[in-house]
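In: here is the input, now give the coordinates:
(one chain, ligands or ions: 2)
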Amino acid sequence: MITFENVSKRYPDGTEAVAGLSLEAPDAAITVLVGPSGCGKTTTLRMTNRLVEPSGGRILVDGADIRERPVAQLRRGIGYVIQHAGLFPHRTVAENIATVPRLLGKDRRAARKRSLELMELVGLETVLADRYPHQLSGGQQQRVGVARALAADPAILLMDEPFSAVDPIVRKSLQEQFLQIQAEVGKTILFVTHDIDEAIRIGDRIAVLREGGHLAQFAAPRELLEK
Ligand code: ADP
Ligand code: ADP
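Out: Numbering: from 1, shown residues only. Ligands and ions are numbered 1, 2, ... in the order given. A predicted model of the protein is given here:
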């Protein structure tokens, strides 16, 4: 479980990105942060893997303050997926996915085997394994990004608008397949989107943020639909 306790972030230029955010993201569930551009969603995600340090409050993972562990150890347990996949352009699909297993000492063969398994999990044909990212469609690149984030089998996944850069039809199929993957892997997920329909479709819990990083609502999708 990820717990935000009165977390705030003020950037050095004075911007109040997040203000007194308190919420709990339960295990094996997708908690969606939704709200307009600039409401502090990305800042909140990046505080969770310590790419951004909060100005106040605490973030706990399974009850322990994330500042109590070395950053590298924290990040090993957290996969991160961003909007434009952020793949390494000069590495093949299989090599991109295997990056973390290789860093963790897996030999080349075992890492490749794991890459191919993950490609199947995210719905990528394994014939694409030796292609380079620029030879893939946007939707395929995002699938590689998801596979890469899952490669170290992290307990937590942070996903920042992972499906926003692809067209609506591809987006829908990515969302549906992602729900199937989650049913299998059961990660603790923080998922950022500005799209309320996407939030309702995939979220188990939805945190609605407003300008200045204020939490306006924290509810199940059904409760949001009833309002
Ligand atoms: P969202 O993900 O909801 O679009 P962000 O977390 O990216 O929101 O940004 C929240 C606010 O903080 C915005 O006003 C943004 O301009 C500002 N912001 C983000 N990063 C920085 C930074 N490094 N320095 C100053 N202001 C920033
Ligand atoms: P999507 O349905 O994900 O939007 P696209 O229409 O972008 O797919 O691409 C359709 C097919 O064309 C995909 O199978 C992809 O692998 C292939 N493709 C796209 N761009 C390239 C490229 N630059 N080189 C080789 N194949 C490509």
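
In: let me know the pLDDT of Lys227.
Out: Looking at Lys227, its pLDDT is 60.

In: ok, Ala85 next?
Out: Looking at Ala85, the pLDDT reads 74.

In: now do Phe163
Out: Looking at Phe163, the pLDDT reads 89.

In: doesn't it lie inside a strand?
Out: No. Phe163: not assigned to a strand; according to DSSP: H, G, I helix; E, B strand; the rest coil it is coil.

In: show the contacting residues for it.
Out: The neighbours of Phe163, taking C-beta atoms under 8 Å, 6 or more residues apart in numbering as the test, are Gln142, Val170, Arg171, Leu174, Gln175, Phe178, Thr193, Glu198. (Glycine included, C-beta is placed from N, CA and C.)

In: the residues you listed: which ones sit near ligand 2?
Out: For ligand 2, the contacts drawn from the contacts of Phe163 by C-beta under 6 Å from any ligand atom are Val170.

In: turn the contacts of Phe163 into a markdown table, including pLDDT.
Out: Listed next are those as a markdown table, based on pLDDT from 0 to 100:
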| residue | pLDDT |
| --- | --- |
| Gln142 | 90 |
| Val170 | 85 |
| Arg171 | 89 |
| Leu174 | 88 |
| Gln175 | 92 |
| Phe178 | 92 |
| Thr193 | 95 |
| Glu198 | 94 |
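
In: which stretches of this structure form strands?
Out: Taking DSSP state E as the test, the strands found in the chain are 2-10, 16-25, 30-34, 56-61, 64-65, 78-81, 156-160, 188-193, 205-210, 214-219.

In: around ligand 1, which positions in this structure sit nearby?
Out: Taking C-beta under 6 Å from any ligand atom as the contact definition, the chain meets ligand 1 at Tyr11, Asp13, Thr15, Ala17, Ser37, Gly38, Cys39, Gly40, Lys41, Thr42, Thr43.

In: just send those back as CSV, with distance to Leu225, pLDDT and neighbour count too.
Out: Converted to CSV, the residues of the chain next to ligand 1 look like this (distance: C-beta to C-beta, whole Å; pLDDT from 0 to 100; neighbours: other C-beta atoms under 10 Å):
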residue, distance to Leu225, pLDDT, neighbour count
Tyr11, 34, 97, 11
Asp13, 38, 96, 5
Thr15, 33, 95, 13
Ala17, 28, 96, 21
Ser37, 23, 92, 8
Gly38, 25, 94, 15
Cys39, 21, 95, 23
Gly40, 24, 96, 27
Lys41, 21, 96, 26
Thr42, 26, 96, 20
Thr43, 27, 97, 21
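
In: what about Gly63, neighbour count?
Out: The number of residues packed around Gly63, counting by other C-beta atoms under 10 Å, is 7.

In: report how many residues lie close to Gln142.
Out: Neighbouring residues of Gln142 were enumerated by other C-beta under 10 Å; the total is 27.

In: show the contacting residues for the most centrally placed residue in the chain.
Out: Centroid check for the chain by C-alpha atoms, centre = their mean gives Met159 as the closest residue, at 1.8 Å. With contact set as C-beta under 8 Å, 6+ apart, Met159 has these partners: Tyr80, Val81, Ala149, Ile189, Leu190, Phe191, Val192.

In: I'd like the residues of the chain next to ligand 1 as TSV, with distance to Gly212 appended.
Out: Output for the residues of the chain next to ligand 1, formatted as TSV (distance: C-beta to C-beta, whole Å):
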residue	distance to Gly212
Tyr11	12
Asp13	15
Thr15	9
Ala17	8
Ser37	13
Gly38	9
Cys39	7
Gly40	7
Lys41	12
Thr42	14
Thr43	11
